[in-house]
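Asks: Let me see the structure of the following:
(one chain, ligands or ions: 1)
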Amino acid sequence: MLFLARKQMLIRFSIATLVSFVFSTQFVNAQQGDPALTEVYSPVPPVVTPGKTNSDAPSDAIILFNGKNLDEWVLSKDTTKTATWKVADGIITVDKASGNIQTKKSFMDYQLHIEWRIPSNITGSGQARGNSGVFLASEGNGDGGYELQVLDNYNNSTYVNGQAGSIYKQAIPLANANKKPGEWQSYDVIWTAPRFNDDGSLKSPARVTVIFNGVLVQNNFELKGQTLYIGQPFYKAHGASPIKLQAHGDKSEPISYRNIWIRPL
Ligand code: MG
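Replies: As a prediction, this is how the structure comes out:
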């Protein structure tokens, strides 16, 4: 007993010594000097008025789909033509026969918000169940670029680097945050475009952060190159690029998109 009491006293003494050391040296030192030396007053951040909810576009966003028309989108196979996916009741529904569509504008780094819905009557399995995709930067026709996968994985398994929230065949999502078919889902994406040297070699790779239905699924992931269905990804030099939505060739019911906005960074 006596021994234990002595041990406790020693522990208390040690803690008291430690506390007094912290307060007498480091803490006091932090209080000395001029606080103004570490205060910064410029550049002043611009005022941005947030939307009503965090899904609504803030005041400085470019609206890529306003619920009414596809004026900001063209067909990937003929970029002189306005996109021909279906617009009704404030939403876009993929028209597989038209092929991919892409933004008229090109972007480098950005913050993107996009919502998508798997139809409640979806059929199919694996990659053939509500497959689409958001190509975060994509030149030309076809599926070139960097694909953030869109797929129904609420109750549908596939290879994990090909499920919703993956960077297709490069990055497994950190969580399966899928909602049921029929419910609207969202991606919030922070994209840092790759940079290239004048000779076309890679200067700095693309990076992406993705929040899927409020859940972080890609955390500043460094991409290995453009998405490939077969083989290892690699980079090909490009500059500012459109964002492309995928009309996937599977036979399942087409999915829908709405509320798409972007803030170039
Ligand atoms: Mg896809």
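Asks: phi, psi of the residue nearest to V134 when sequence neighbours are not counted?
Replies: Spatial nearest neighbour of V134, excluding adjacent residues (CB to CB, 6 or more residues apart in numbering): L148 at 4.5 Å. All C-beta spots, glycine's among them, are computed from the backbone N, C-alpha and C. Backbone torsions for L148, taken as degrees, to the nearest 10, come to phi -90, psi 110.
Asks: Name the residue closest to the centre of the protein, please.
Replies: The centroid of the chain falls nearest to V189 when counting by CA atoms, centre = their mean (2.3 Å).
Asks: For the residue nearest to V134, which residues count as its bridge partners?
Replies: The partner list for L148 in beta bridges (DSSP bridges) reads V134, I167.
Asks: The host helix or strand of the residue nearest to the centre of the chain near the ion at all?
Replies: Assigning secondary structure by DSSP states H and E places V189 in strand 184-192. No. Figure legend: strand 184-192 not in contact with the ion (CB under 5 Å from the ion); closest approach 12.9 Å.
Asks: Quick one: residues contacting the residue of the chain found nearest the ion.
Replies: Scanning the chain for proximity to the ion using CB to the ion identifies G133 as nearest, at 3.3 Å. Shown in contact with G133 (CB atoms under 8 Å, 6 or more residues apart in numbering): D143, E147, L148, Q149, V150, Y168, L245, Q246, H248.
Asks: which residues does S157 contact?
Replies: Under the criterion of CB under 8 Å, 6+ apart, the contact partners of S157 comprise G126, Q163.
Asks: And it, how close does it get to Q127?
Replies: Taking CB to CB, to the nearest Å as the criterion, S157 is separated from Q127 by 11 Å.
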